[in-house]
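Trainee: Okay, sequence plus prediction incoming.
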Amino acid sequence: MNPGAQMVKLGQDVIDIGKTRVGQEYVWGAHVPLNNPNWAGPWDCAEFTSWCAYQAYGQIFGGGSTRDLSKADPYSGYWYSEARKSGTAISWLDALKIPGAALIRAPGPGKIGHVAFAMGDNDHTLEARGAADGVGIFGKATMRPWGIGWLLPGVEYLAGDHLPKAVATPAATTLPAGYFWLRRPLFKGGAVVAVQRALARNGVDPGPIDGEFGPLTSTAVLSFQVMKGLEVDGVVGPNTAKALGLSYPIAPEASDDRAFRQAQSPRGPDTVPLPVPPAAFDGVVGIAQIGTTFKATTASGFTFNFASIDDYTDDMWRLGLFQGKTAIRDTKQFGTFAADDFPGFGQWAHFIEPTLSAEGGARFATLNTYDRAAFTFGAPQFAAHTPGKNFILYLRRLLALSDAAKHFPELSLRQNNAGKARVHLDTGNGFKDLEEEVSVVRPNGKTDVQLVHLMAYLNPSATQIDAAELSASARLINWLRLDPTTKEIQIGVFVDQCKKNIALAKKEIKGFTGNDWVCALWIADMLHQGRGTYREMSAALASGNPEERLKDIGRRDYASRIDTVDAGVAKLKASGVMSGFTV
């Protein structure tokens, strides 16, 4: 067919063209010249559908919003974005009834996209499906994950007496019982353990064997499907289960169910080695686990809950400790920041109050060891991975206190190779510089410079509860109880950090002078959290309402935090305590 030569473009045309390629080879990522009518493979799903559409209609669909054939790069994500902008986006269930309608699964985190054409019988699709299947016509389409249907612009479709209406948000896929895929809430249970163990037996790492079908397990399923030439959809259905060596529906063994129950109640180590405190010193002498909570006991018999178990997924799965308001409610001795308690910092104490309230309720003992920083502590949530700022500055000042050796006898300030006083660990065979900077590549491919040795001292494993993180957490929190100076140091380090951030912002943000404390507070909060760019802040200051524009930066993802800071700012305005303050 001469592309685009016919006057009337019909949805059936892509079916007629595509059927001539049935049986040809699938290669994931294959490149196809869309204007070559004699191309006979290999294909991948998006290249196949884009080639069929170009041959039928003389137009580029799903190629990246270009009219230049040399630049066209068919991709399921482009098919999805174009479907939301032009033509008619419809329910994928409706699309199955229309010959030539596109069926699209959008790519996303832990999810590879896919594109096919509906045969119009509510059951079959025409597509380049996978290495094991190649190009073909496949049934049971309603048992596969789709996101959206699309009627291409300029094409006429035949579907009985009428076509379905466009929908603003097409229905999401609902797969039959017994299928597993990445969804919210996550699939959990012994059957997921069986899948994870089967993936591991087949040489694919599913992450922790925890019975939760999360991003790591989904990625492992995708990798396995590529390896076996299956349809790459991240879904464990009959075909993927069979390839994994599992029956379908998947029936977990007793050991799978037992492993899931154990994963749901993770345990810390049976014993946590602690330094023996000097006589008459109320140091931590014992740590016990009660359910998912850890309780410390001091030499005087005082007990306090200092952490609970929590997990987190960003670019990998992590398990660690969390200290929030529930555990801290046991006693008021650990403290919550209030500006009036720190008159020595003047108006700066009030300036930082909204940010500290948003960080963790301004609790001095706030703790988490489950994110990529490995260890985060204090009302400002100082992170341990960053060189020359945050937690390491706090720790240096703590170790300069007279009682430091009673709390952390293994740590001391010593000169490094450059002659600077830095935190060192007594290993028993010498002293190790915990502030050595190391360049690391994170699981998402990004490179960071981190304090790897400090992180390893505080939290050796990201996927289990360690004696080291329990010991360090309990002793730091107990130090807060025994010495109010530790709280003042937290505030001092944070105020210094705010001043440095603001000084740099004055150089980088056009129009920022620091004379308006409200705008300065919003900028300082954003810089501490990392939710806005200098360019965004410059644009906000140049607008007719700088304060409102600054508040809007990052609101989509951080509305709750912004509202907390906003309430704090309103309180400061009403009190008048910030009158005349400039930064």
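Mentor: Happy to help now that I have it.
Trainee: Let me know whether my guess that T355 is in a helix holds.
Mentor: Yes. According to DSSP: H, G, I helix; E, B strand; the rest coil, T355 belongs to a helix.
Trainee: show me what contacts it?
Mentor: Applying C-beta atoms under 8 Å, 6 or more residues apart in numbering to T355 gives the contacts 380, 521, 524-525, 528, 565, 568. C-betas here are computed from N, CA, C, even on glycine.
Trainee: Of those, which is the nearest to V493?
Mentor: P380 (7.5 Å; C-beta to C-beta).
Trainee: so what's that closest one up against?
Mentor: Contacts of P380 by C-beta under 8 Å, 6+ apart are 352, 355-356, 359, 490, 493-494, 497, 528.
Trainee: so where's this structure shaky on pLDDT?
Mentor: 1-7, 109-110, 159-174, 314-316, 325-332, 443-445 (pLDDT under 70).
Trainee: Mind naming the longest strand for it?
Mentor: Secondary structure assigned by DSSP state E gives strand 303-313 as the longest strand of the chain.
Trainee: Which other helices and strands does that one contact?
Mentor: strand 293-298, strand 317-323, helix 325-328, strand 367-368, helix 467-482 (3 or more C-beta pairs under 8 Å, 6 or more residues apart in numbering; DSSP states H and E).
Trainee: Select, out of those, the one closest to I509.
Mentor: Of the helices and strands packed on strand 303-313, nearest to I509 by C-beta to C-beta is strand 367-368, at 30.2 Å.
Trainee: strand partners of the following helix or strand past the closest one, parallel vs antiparallel please.
Mentor: Later in the chain than strand 367-368, the nearest helix or strand by DSSP states H and E is strand 376-377. Sheet pairing of strand 376-377 (DSSP bridges) gives strand 367-368 (antiparallel), strand 382-383 (antiparallel).
Trainee: which residues touch V204?
Mentor: 220, 223-224, 227.
Trainee: For the residues you listed, which single residue is the most surrounded?
Mentor: F224 (23 neighbours; other C-beta atoms under 10 Å).
Trainee: Where is the longest helix in the protein?
Mentor: Longest helix in the chain, counting residues (DSSP state H): helix 485-508.
Trainee: List the buried residues of it.
Mentor: Buried residues in helix 485-508, counted by 16 or more other C-beta atoms under 10 Å: 485-487, 489-495, 497-498, 501-502, 505.
Trainee: Tell me, how many residues neighbour P343?
Mentor: For P343, the count of nearby residues is 8 (other C-beta under 10 Å).
Trainee: and if you look at the one 5 residues further on?
Mentor: Residues near W348, counting by other C-beta under 10 Å, number 20.
Trainee: Roughly how far does A259 sit from S218?
Mentor: The gap separating A259 from S218 is 19 Å, by C-beta to C-beta, to the nearest Å.
Trainee: between the two, which one's more packed in?
Mentor: Neighbour totals were compared for A259 and S218, and S218 leads with 24 against 20 (other C-beta under 10 Å).
Trainee: Secondary structure class of the more buried one, three-state.
Mentor: Going by three-state DSSP, the secondary structure assigned to S218 is helix.
Trainee: returning to that earlier point: dump the contacts of V204 to CSV, plus distance to T303 and secondary structure.
Mentor: Below are the contacts of V204 laid out as CSV (distance: C-beta to C-beta, whole Å; DSSP: H, G, I helix; E, B strand; the rest coil):
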residue, distance to T303, secondary structure
A220, 42, helix
S223, 47, helix
F224, 48, helix
M227, 52, helix
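Trainee: of all these, which comes closest to I250?
Mentor: F224 (14.5 Å).
Trainee: My read is that the closest one contacts G245, right?
Mentor: No. Judged on C-beta atoms under 8 Å, F224 makes no contact with G245 at a distance of 11.2 Å.
Trainee: shared neighbours of those two, which are they?
Mentor: N202.
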